[in-house]
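Participant: following is a predicted model, sequence given first.
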Amino acid sequence: MQKIIIFIYGILAYVIFLIAFLYAIGFVGNYLVPKGIDSGEELSTTYSLIINLVLLSLFAIQHSVMARPAFKKWWTSLIGEAAERSTYILLSSLALLLLYWQWQPMTTVVWDIEHAILSKILLGIFALGWVIVFLSTFMINHFELFGLLQIFNNLKNNTSAPSKLQMNFFYKLVRHPLMLGFIIAFWATPYMTVGHLLFAAVTTIYILIAVKYLEEKDLRDALGKRYEQYQKEVPMLIPFTKKRL
């Protein structure tokens, strides 16, 4: 019964993640969602700035702290290994949903590209960013990344194999294509407002810091010299660069 409950819990966590992920596309692009990044009545700049920074910080803190090996080891001792990843995904998704709900629009225009061809090119790059994000999850292990493999193995009494270094497709060009996809999607827009700029800038800074100083260290500790060699051969985020960027 406990294994069935964990399995259902993991499926629900994944469904909520899918909702949060798909909503993110509409939120950032102001498409087909009840509330986009520029939707709503604009309040004072100071109030909006504080609220938005708090929302972004809450997501960054949750997303980073719960991903650290020491925290995962402690958290796993409380909830079990099978549910650890699903819980991380669930709380990350809830933090995103809170951000969408409480985000304060800051609608001063930074740039507005009215040229039809340039506008369509930027929209195409925006879509490309999300495609890179989605495909990157399958080029490693989508089902393990989002906790489904763990809950399935637990249900079947199978032991999950240790994670191993994946260097498929996009991962031969950059070490973190998923994060590169997010950066592309957040910045590629023909209509940039102050609120959108704040979101793109803060998330980009967070990605750069988290990847370079946290995730890379964790991967070196977990994979050792093999990952160090990978760092020398493949750039971090910018394809075709000799430096580890």
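Facilitator: Okay, I see it. Keep in mind it's a predicted model, so treat the numbers as computed, not measured.
Participant: what ranges do the strands span in this protein?
Facilitator: Per DSSP state E, the chain has strands spanning 109-112, 191-193. These are given in chain order.
Participant: the residue nearest to I132 when sequence neighbours are not counted: neighbour count?
Facilitator: The shortest distance from I132 to any residue that is not its chain neighbour, by C-beta to C-beta, 6 or more residues apart in numbering, is 3.2 Å, and that residue is G181. All C-beta atoms are positioned from the backbone trio N, CA, C, and that covers glycine. Using other C-beta atoms under 10 Å, the number of residues around G181 comes to 22.
Participant: who touches G181 in this structure?
Facilitator: Residues near G181 by C-beta atoms under 8 Å, 6 or more residues apart in numbering: G129, W130, V131, I132, V133, F134, S136.
Participant: I'd like to know how far it sits from E228.
Facilitator: Computed with C-beta to C-beta, to the nearest Å, the distance linking G181 and E228 is 25 Å.
Participant: and for L198?
Facilitator: If you go by C-beta to C-beta, the gap between L198 and E228 works out to 36 Å.
Participant: higher neighbour count, the two?
Facilitator: Neighbours were counted for L198 and for E228 using other C-beta under 10 Å; L198 has more, 19 against 12.
Participant: how about the contacts made by the more buried one?
Facilitator: L198 is in contact with L49, N52, L53, M106, counting by C-beta under 8 Å, 6+ apart.
Participant: find the nearest non-adjacent residue to the third one, please.
Facilitator: Right, the one you point to is L53. In space, L53 comes closest to V202 once its chain neighbours are excluded; the distance is 7.1 Å by C-beta to C-beta, 6+ apart.
Participant: so Q102 is in contact with L55, correct?
Facilitator: Yes - using C-beta atoms under 8 Å, Q102 and L55 qualify as a contacting pair, with a distance of 5.9 Å.
Participant: neighbour count for those two, which is higher?
Facilitator: For Q102 and L55, the more surrounded residue by other C-beta under 10 Å is L55, and the numbers stand at 21 against 13.
Participant: and that one, what is it in contact with?
Facilitator: L98, L99, Q102, W103.
Participant: again, only this time at 10 Å
Facilitator: Shown here is L55, whose contacts under the criterion C-beta atoms under 10 Å, 6 or more residues apart in numbering are A95, L96, L98, L99, Y100, W101, Q102, W103, Q104, F199, V202.
Participant: can I get the residues you listed in CSV with distance to K3 and pLDDT?
Facilitator: As requested, those are exported to CSV (distance: C-beta to C-beta, whole Å; pLDDT from 0 to 100):
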residue, distance to K3, pLDDT
A95, 27, 97
L96, 28, 97
L98, 30, 98
L99, 33, 98
Y100, 33, 97
W101, 33, 97
Q102, 36, 97
W103, 38, 98
Q104, 43, 97
F199, 40, 98
V202, 40, 98
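Participant: what's the neighbour count on V65?
Facilitator: Burial measure for V65: 13 neighbouring residues, criterion other C-beta under 10 Å.
Participant: ok now the longest helix anywhere in the chain, how far from the chain's centre?
Facilitator: For the chain, the helix with the greatest residue count under DSSP state H is helix 2-29. For helix 2-29, the gap between its own C-alpha mean and the chain's C-alpha mean amounts to 13 Å (C-alpha atoms, centre = their mean, to the nearest Å).
Participant: try stretch 52-66
Facilitator: For stretch 52-66, the distance between its averaged C-alpha position and the chain's averaged C-alpha position is 12 Å (C-alpha atoms, centre = their mean).
Participant: state the mean pLDDT of that stretch.
Facilitator: Mean per-residue pLDDT for stretch 52-66: 96.
Participant: what residues of that stretch count as buried?
Facilitator: Under the neighbour-count criterion of 16 or more other C-beta atoms under 10 Å, stretch 52-66 has N52, L55, L56, F59, A60, Q62, H63, M66 buried.
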